[in-house]
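Trainee: Next come a sequence and a model predicted from it.
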Amino acid sequence: MLTRALIVVLAILNLGVATWWLLRDEPARAPLPPQPTGVAELRWLPGGTDAAVAAQVSAAAPTEALVEREAAPATAVAAAPAPVPAPATPTSASKPAEPAKAPEPVAAIAKPAPEPVAEKPAAPAAPPRCLALGPFPDRAAATAAQSRAGNLLSQVRLREQPAASGSARYRVLLPAATNRDDAQTTVKRIVAAGLSDYYIISQGEETNAIALGQYRNREGAERRMAAVQAAGFQPRLVASGDAGQWWLEGQLAAAAEPAQAQQRSGAAQQRSLECTRLR
């Protein structure tokens with residue numbers, strides 16, 4: 001019983017929905033947006049020859065003719081009995097003349113900036129060259145050779161090389177006084193100046209002279225002389241035994257050659273030398 005009642009209810013509901021669907025009103029269509037002034041409205045035309053002809057005529061005719069054509073009923077195009085031959089392509093005279101366009105200014109082409117030329121790295125400076133020229137018999141001869149070498153040598157120094165026998169001696173002396181009392185007076189001045197290592201020579205050619213030291217090399221004797229001179233005295237250096245040899249040492253000019261310096265100085269030999277020994 002219940003099943004029959006449900007079937008009747010469902011049939012009534014289906015009948016009601018079908019009745020509503022058949023009797024309902026058509027939904028109102030949204031109005032088209034207003035067409036801008038002077039712009040033709042696009043309409044769909046059936047395909048075929050008429051559509052091709054209409055497209056060519058629409059492209060060739062001015063805007064006003066296209067508006068008038070749109071105002072005619074659409075059935076006029078569809079009722080044409082025969083295809084209309086395609087009109088000849090309009091000449092350039094029928095087209096409205098286009099205003100001449102002013103030539104656009106051509107932008108100046110920017111020239112790329114020249115690439116900077118890479119500077120070549122400077123060549124490394126040549127290391128300094130030092131040499132010793134000699135031997136010379138005495139200091140005076142070495143000094144004369146230095147003058148002859150001129151600007152070929154810099155940082156020049158004179159060096160004495162002791163004799164091979166090792167018998168050379170260098171004494172630092174104060175000149176001989178007139179008598180023993182004057183020598184004693186000089187000794188008192190030496191002691192007051194803070195100097196030591198002295199004695200008065202009592203015989204020989206240098207009697208009453210005051211000896212201030214004896215050395216095996218000239219460098220030590222010259223240091224002693226400098227200390228005595230700083231105290232206000234005027235000593236002298238006396239060499240004895242086998243005489244040593246003198247050498248002229250210096251740094252060679254950049255553009256000079258060792259043979260050139262040897263020839264100009266008059267030296268018999270030339271030796272390579274480490275430049276650190278000149279500092």
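Mentor: Looks like it arrived, so ask away. Residues are numbered from 1 along each chain as shown.
Trainee: Please make it C-alpha for all contacts and neighbour counts, starting now.
Mentor: Will do.
Trainee: which stretches of the protein form helices?
Mentor: For the chain, applying DSSP state H gives helices covering 2-23, 49-60, 63-71, 75-78, 139-149, 180-192, 218-230, 258-265.
Trainee: can those go into CSV with extra columns for mean neighbour count?
Mentor: Listed next are the helices of the chain as CSV, based on neighbours: other Cα atoms under 10 Å:
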stretch, mean neighbour count
helix 2-23, 10
helix 49-60, 15
helix 63-71, 13
helix 75-78, 11
helix 139-149, 18
helix 180-192, 15
helix 218-230, 16
helix 258-265, 17
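Trainee: Which stretch among those helices approaches residue 246 most closely?
Mentor: Closest to residue 246 of those, according to Cα to Cα: helix 139-149, at 6.3 Å.
Trainee: could I have the closest one exported to PDB, CA atoms only?
Mentor: The C-alpha coordinates for helix 139-149 follow below in PDB (Å, rounded to 0.1, in the frame of the first residue of the first chain):
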ATOM      1  CA  ARG A 139     145.200  54.500  -1.600                       C
ATOM      2  CA  ALA A 140     146.200  57.400  -3.800                       C
ATOM      3  CA  ALA A 141     146.200  55.200  -6.900                       C
ATOM      4  CA  ALA A 142     142.800  53.800  -6.000                       C
ATOM      5  CA  THR A 143     141.400  57.300  -5.500                       C
ATOM      6  CA  ALA A 144     142.800  58.400  -8.900                       C
ATOM      7  CA  ALA A 145     141.100  55.400 -10.500                       C
ATOM      8  CA  GLN A 146     137.800  56.300  -8.900                       C
ATOM      9  CA  SER A 147     138.000  59.800 -10.500                       C
ATOM     10  CA  ARG A 148     138.700  58.300 -13.900                       C
ATOM     11  CA  ALA A 149     135.700  55.900 -13.600                       C
END
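Trainee: how much does it deviate in direction from helix 258-265?
Mentor: 120 degrees (axes from the mean of the first three to the mean of the last three Cα atoms, to 10 degrees).
Trainee: so what secondary structure elements neighbour helix 139-149?
Mentor: With contacts taken as 3 or more Cα pairs under 8 Å, 6 or more residues apart in numbering; DSSP states H and E, helix 139-149 sits against strand 153-161, strand 245-252, helix 258-265.
Trainee: Which strands and helices lie in contact with the longest one?
Mentor: Secondary-structure packing of strand 153-161 (3+ Cα pairs under 8 Å, 6+ apart): helix 139-149, strand 245-252.
Trainee: Same list (the ones you listed) but as CSV, adding mean pLDDT and distance to residue 229.
Mentor: Below are the helices and strands packed on strand 153-161 laid out as CSV (pLDDT from 0 to 100; distance: least, Cα to Cα, whole Å):
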stretch, mean pLDDT, distance to residue 229
helix 139-149, 93, 20
strand 245-252, 92, 24
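Trainee: closest one to residue 230 among the ones you listed?
Mentor: helix 139-149 (23.1 Å).
Trainee: Just want the angle from that closest one to strand 153-161.
Mentor: Using the same axes, to 10 degrees: helix 139-149 against strand 153-161 is 160 degrees.
Trainee: picking that back up, of all the helices and strands packed on strand 153-161, which one comes closest to residue 202?
Mentor: Closest to residue 202 of those is helix 139-149 (Cα to Cα; 30.4 Å).
Trainee: Now do that closest one: everything it contacts.
Mentor: 134, 136, 156, 158, 160, 246-248, 261, 264-267 (Cα atoms under 8 Å, 6 or more residues apart in numbering).
Trainee: repeat for stretch 173-180
Mentor: 183, 206-213, 233-238.
Trainee: re the thing from before, figure out which of the helices and strands packed on helix 139-149 is closest to residue 195.
Mentor: Among the helices and strands packed on helix 139-149, strand 153-161 comes nearest to residue 195, with 26.6 Å by Cα to Cα.
Trainee: residues making contact with stretch 248-256?
Mentor: 126, 128-135, 142, 145-146, 151-159, 258, 261, 273, 275, 278.
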